[in-house]
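Q: got a predicted model here, sequence first, then my questions.
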Amino acid sequence: MTEHPGADVVIEAQNLDLTFETNDGPVHALKDVSLTIDKGEFVSFIGPSGCGKTTFLRCIAALEQPTGGSLSVNGMTPDEARRNRAYGYVFQAAGLYPWRTIARNIKLPLEIMGYSRSEQEERVNNVLQLVDLEGFGGKYPWQLSGGMQQRASIARALAFDADILLMDEPFGALDEIVRDHLNEQLLALWARTEKTIGFVTHSIPEAVYLSTKIVVMSPRPGRITDVIDSPLPKERPLDIRDTPEFIEVAHRVREGLRAGHSE
Amino acid sequence: MKQVLAVLTVVAVIIAFWYAASVPMNIRGVLVEAERAGEVVDPPKAADRRQIDEFELILDNPFAIDDTWEQERPRLPAPHQVAEELWDTTVEKKITSKRSLVYHAWVTLSATLLGFAFGTGLGILLAVGIVHSKVMDMSVMPWAIVSQTIPIIALAPMIIVVLYSVGVQGIIPKAVISAYLSFFPVVVGMVKGLRSPDMMQLDLLRTYGASKAQGFWKLRLPASMPYLFASLKIGIAASLVGAIVGELPTGAVAGLGARLLAGSYYGQTVQIWSALFGAAILAACLVGLLGLIERAVLKRMGMA
């Protein structure tokens, strides 16, 4: 942590390795991955499938155990960080329980973590407001559109006020128009809550539009090929995507992806 | 409207086929009675009639066709005879009477429900164990499957004898046989249901640091409900069969099984058929009732 004086380091990976033993021999999902994420950053992980971007996110969440190197989250091991409710996780599918209303879905982590009833109510109302779903608490998931369901799942991840939000292709299954809208909302939410966000995506425009830092990865073995600190301002209207700066960053991401492929 | 018509058509075809089948099945008996009553039968001697097939007998003695549907003890009773017997033994008799089908149905139903409750409870417990413990999965599941490969008709007398020898009799042995048949579909359905949440759902709970018990009550159990009800419908029908089979080897004092057995002892075919239909109607009601409960529960859960 001495490398970044002044900034709060939230996630620090050093020479991280993860090898899966399969019937076809070992698969190097992550090899020698080193990365530092500071508090309040919006970091996107981009790369072709098999590059380890999701695996890296799962390591941070202690859903996978690295086989080598070190990884700390808030200065703790990922396991300890989880017990301290350091992060909320959003999956590609909303994964709302069909037998619970939206409000009760958001209460799920709160019930598990033992919040009092009145606090549960208060927090549900707060996060519903945060994702623009006021008035939908009493609805069942099937009564909502795909985009609204995903917003509800983000609300569920925000409900217990973790400092870190890990998102694994959260908008991957949604259409372009809904996606643009949600990206805009996500940036607003990030600005309001000042959370640290790790965001896995396939889409170059999405990564460039959202991030303060873009991590380009490539497969076999899964590794980082480029880390780009975005020069774009924090305030980002959708049409920033037509500016030369945006196009330049996108170009660099594309170059990084190509370089990873041709090796 | 079209559907009602289709359903009624199927029913009509079945009844028509049944009436048609009653004629050749019963013609010989009718001709013997007619011969004894002094009527002219062609051919007149029973020994000669044995050489001729049923359809020829019908053609030669068309006057006897009506009587094939009205015999006292037909080989195959006609639908209206069964219906009359059902009406007579349910509505006309007091339900406390030993000749009331309602009384016998209640005897069987009580054993069915007790066995069903017991079998369902056992099935759910086993399924919970199997889902949470690899050892139980590998040790219990094969036995559960083997248990269902033994014909219940062979096992039922042994269960009754063994239980009798330790002083257990009455409703319990029947309920045990019921439970034996009904726990299996519940185990299979519940194992499937409790395992129905996908990896992502389980990972999500892990990110909350949820315990196994929380995962069970909040995710696995509610997710298994549709599977449970499908199993219960199979289970309750199997329970009824179990209770009836359990009544057969005891010498048949009361119950639908007893009616079946007594009917076959005394050649009371109408009684056998009405007991059979009684059992079928009972099963349909039980399954229908479970269907209603299923609808109500799933609707309350927001899943239907």
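A: Sure, I can see it. Numbers count the residues shown, from 1 in each chain, chains lettered A, B, ... in the order given.

Q: every contact and neighbour count from this point should use C-alpha atoms.
A: Fine.

Q: the strands in chain B, which residues?
A: Taking DSSP state E, chain B contains no strands at all.

Q: what segments of it are helices?
A: Counting by DSSP state H, chain B has helices at residues B:2-36, B:46-49, B:54-60, B:79-87, B:101-132, B:134-147, B:152-165, B:171-194, B:199-207, B:212-215, B:221-247, B:256-265, B:269-300.

Q: need the winner for burial among those helices.
A: Greatest average neighbour count among the helices of chain B goes to helix B:171-194 (a mean of 26), per mean count of other C-alpha atoms under 10 Å in any protein chain shown.

Q: contacts for stretch A:224-240 next, please.
A: The contact list for stretch A:224-240 (C-alpha atoms under 8 Å, 6 or more residues apart in numbering or on different chains) reads A:33-34, A:180, A:184, A:208-209, A:211-218, A:245-246, A:249, A:253, A:256-257, A:260.

Q: the residues you listed, buried ones only, as a PyMOL selection?
A: In PyMOL, a selection of the buried entries from the contacts of stretch A:224-240 looks like this (16 or more other C-alpha atoms under 10 Å in any protein chain shown):
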select buried, chain A and resi 33+34+180+184+208+209+211+212+213+214+215+216+217+218+246+249+253+256+257+260
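
Q: related to what we said a few turns ago, now mean pLDDT too, for the helices of chain B, in JSON lines please.
A: As requested, those are exported to JSON lines (pLDDT from 0 to 100):
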{"stretch": "helix B:2-36", "mean pLDDT": "93"}
{"stretch": "helix B:46-49", "mean pLDDT": "85"}
{"stretch": "helix B:54-60", "mean pLDDT": "89"}
{"stretch": "helix B:79-87", "mean pLDDT": "93"}
{"stretch": "helix B:101-132", "mean pLDDT": "94"}
{"stretch": "helix B:134-147", "mean pLDDT": "91"}
{"stretch": "helix B:152-165", "mean pLDDT": "89"}
{"stretch": "helix B:171-194", "mean pLDDT": "94"}
{"stretch": "helix B:199-207", "mean pLDDT": "93"}
{"stretch": "helix B:212-215", "mean pLDDT": "93"}
{"stretch": "helix B:221-247", "mean pLDDT": "94"}
{"stretch": "helix B:256-265", "mean pLDDT": "88"}
{"stretch": "helix B:269-300", "mean pLDDT": "94"}
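
Q: any idea which of those gets closest to residue A:222?
A: helix B:199-207 (22.1 Å; C-alpha to C-alpha).

Q: helices and strands around the closest one, which ones?
A: strand A:87-90 (3 or more C-alpha pairs under 8 Å, 6 or more residues apart in numbering or on different chains; DSSP states H and E).

Q: does residue A:189 touch residue A:129 like I think?
A: No. Assessed by C-alpha atoms under 8 Å, residue A:189 is found out of contact with residue A:129, at 10.5 Å.

Q: the stretch 151-263 of chain A: strands as residue ranges?
A: A:164-168, A:196-201, A:213-218, A:223-229 (DSSP state E, counting those that start in this stretch).

Q: now the third one and strand A:223-229, what's the angle there?
A: This points to strand A:213-218. Using axes from the mean of the first three to the mean of the last three C-alpha atoms, to 10 degrees, the direction of strand A:213-218 lies 160 degrees away from that of strand A:223-229.

Q: give me the sheet partners of strand A:213-218 and which way each runs.
A: Sheet pairing for strand A:213-218, assigned by DSSP bridges, gives strand A:42-46 (parallel), strand A:223-229 (antiparallel).

Q: how far off centre is that strand?
A: Computed by C-alpha atoms, centre = their mean, to the nearest Å, the chain-centroid distance of strand A:213-218 equals 13 Å.

Q: how about the strands paired with strand A:213-218, which one is nearest residue B:74?
A: Per C-alpha to C-alpha, nearest to residue B:74 of the strands paired with strand A:213-218: strand A:42-46, 81.5 Å.

Q: next SSE after that closest one?
A: helix A:53-60 (DSSP states H and E).

Q: got a list of contacts for that following helix?
A: A:11, A:29-30, A:45-47, A:64-66, A:71-73, A:78, A:166, A:168, A:198, A:200, A:217, A:222.

Q: which residue is it, in chain A, that comes closest to chain B?
A: With C-alpha to the nearest C-alpha as the measure, residue A:99 is the residue of chain A nearest to chain B, at 4.9 Å.

Q: contacts only, for that residue.
A: A:140, B:222, B:301-303.

Q: one more pass at 10 Å, please.
A: A:105, A:140-142, B:219, B:222-223, B:298-304 (C-alpha atoms under 10 Å, 6 or more residues apart in numbering or on different chains).

Q: for those, which one is nearest residue A:89?
A: residue A:105 (14.2 Å).

Q: what residues of the strand or helix carrying that closest one count as buried?
A: Using DSSP H and E, residue A:105 sits within helix A:102-113. Across helix A:102-113, burial judged by 16+ other C-alpha under 10 Å covers A:102-112.

Q: next one: stretch A:123-134
A: Result for stretch A:123-134 [16+ other C-alpha under 10 Å]: buried residues A:123-128, A:130-131, A:133.

Q: near chain B, which residues of the stretch 151-263 of chain A?
A: Residues of the stretch 151-263 of chain A lying close to chain B (C-alpha under 10 Å from any C-alpha of the partner chain) are A:157, A:160.

Q: for the stretch 151-263 of chain A, what are the low-confidence residue spans?
A: A:261-263 (pLDDT under 70).

Q: could you list every residue that touches the residue nearest the centre of chain B?
A: The centroid of chain B falls nearest to residue B:241 when counting by C-alpha atoms, centre = their mean (4.3 Å). Residues near residue B:241 by C-alpha under 10 Å, 6+ apart: B:108, B:112, B:152, B:177-178, B:181-182, B:235, B:257, B:279-280, B:283.

Q: chain A contacts on the stretch 201-304 of chain B?
A: So far as C-alpha under 10 Å from any C-alpha goes, the stretch 201-304 of chain B lies against chain A at B:201, B:203-211, B:214-215, B:218-219, B:222-223, B:298-304.

Q: how much space is there between residue B:148 and residue B:192?
A: 18 Å (C-alpha to C-alpha, to the nearest Å).

Q: now swap in residue B:32 and tell me
A: For residue B:32, the distance to residue B:192 - C-alpha to C-alpha - is 59 Å.

Q: quick one, helices of the stretch 1-150 of chain A?
A: A:53-60, A:78-83, A:102-113, A:117-130, A:146-158 (DSSP state H, counting those that start in this stretch).

Q: I'd assumed residue A:179 was in contact with residue A:210.
A: No. Contact status for residue A:210 versus residue A:179: not in contact, 11.8 Å apart, counting by C-alpha atoms under 10 Å.

Q: so chain B: which segments form each domain?
A: B:2-76, B:101-300 (automatic domain parsing).

Q: and for chain A?
A: A:9-86+A:163-262, A:95-161.

Q: which one of these lies closest to residue B:20?
A: When these are compared (using C-alpha to C-alpha), the closest one is domain A:95-161, at 52.4 Å.
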